[in-house]
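Undergrad: Provided below are the primary sequence and the corresponding predicted coordinates.
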Amino acid sequence: QVQLVESGGGLVQAGGSLRLSCAASGRAFMSYVMAWFRQAPGTERKFIAFITMSGGRTYYADSVKGRFTISRDNAKNTVYLQMNSLEPEDTATYYCAARRVEVATLAHQYDYWGQGTQVTVSS
């Protein structure tokens with residue numbers, strides 16, 4: 001089992017940047033695929049990006065490709081989401097998630113979730 005805690009959200013102007021962090025506690029962090037999702041009020045939770053256990057492969061939703069970068073530091077049990085060129089449409093609560101071994105892009109496929117961190121982008 002793994003516990004996840006996100007941080008780094010906040011208010012930023014359009015065109016700005018934020019870096020989100022997700023610290024994992026528990027054992028065997030390297031056995032988990034890690035992902036970021038986001039959810040705006042009244043909408044479904046949507047996939048943003050995943051990173052494989054070793055960090056060797058990443059995959060992004062089209063809406064963030066070229067602007068967001070997911071990375072992980074297995075020595076620190078932490079996954080990051082660097083967000084650049086932010087747009088008002090990126091406003092949402094951002095969640096990190098974990099599942100064992102296999103990559104996935106659907107929320108129901110992930111077993112562990114953080115509490116979320118709010119990102120607000122002003123125009």
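TA: Here it is on my side, so go on. Remember, predicted model here, so these are calculated numbers, not experimental data.

Undergrad: where does Ile51 land on pLDDT?
TA: Looking at Ile51, its pLDDT is 98.

Undergrad: actually Lys76, not the one I typed
TA: Predicted confidence (pLDDT) for Lys76: 95.

Undergrad: The closest residue to Met53 other than its chain neighbours: neighbouring residues, count only.
TA: Of all residues not flanking Met53 in the chain, Met30 sits nearest, at 5.4 Å (C-beta to C-beta, 6 or more residues apart in numbering). Every C-beta, even on glycine, is put in place using the N, C-alpha and C of the backbone. When neighbours are defined as other C-beta atoms under 10 Å, Met30 has 12 of them.

Undergrad: show me what contacts Met30?
TA: Counting by C-beta atoms under 8 Å, 6 or more residues apart in numbering, Met30 touches 53-54, 74.

Undergrad: Which of those has the largest number of neighbours?
TA: In those, the most neighbours by other C-beta under 10 Å go to Met53, 19 neighbours.

Undergrad: Check the gap between that residue and Ser63 for me.
TA: Distance of Met53 to Ser63, computed by C-beta to C-beta, to the nearest Å: 25 Å.

Undergrad: tell me the SS of the residue nearest to Met53?
TA: The local conformation at Met30, judged by DSSP: H, G, I helix; E, B strand; the rest coil, is helix.

Undergrad: all strands in the protein, in order from the N-terminus.
TA: With strands called from DSSP state E, the chain shows them at 2-7, 10-13, 18-26, 32-39, 46-51, 58-60, 68-73, 78-83, 92-100, 112-113, 117-122.

Undergrad: Sheet-wise, list the partners of the shortest one with their directions.
TA: Right, the one you point to is strand 112-113. strand 92-100 (antiparallel) (DSSP bridges).

Undergrad: Report the distance from stretch 41-51 to the chain centre.
TA: Centroid displacement of stretch 41-51 relative to its chain, using C-alpha atoms, centre = their mean, to the nearest Å, is 9 Å.

Undergrad: Nice, that's everything, thank you.
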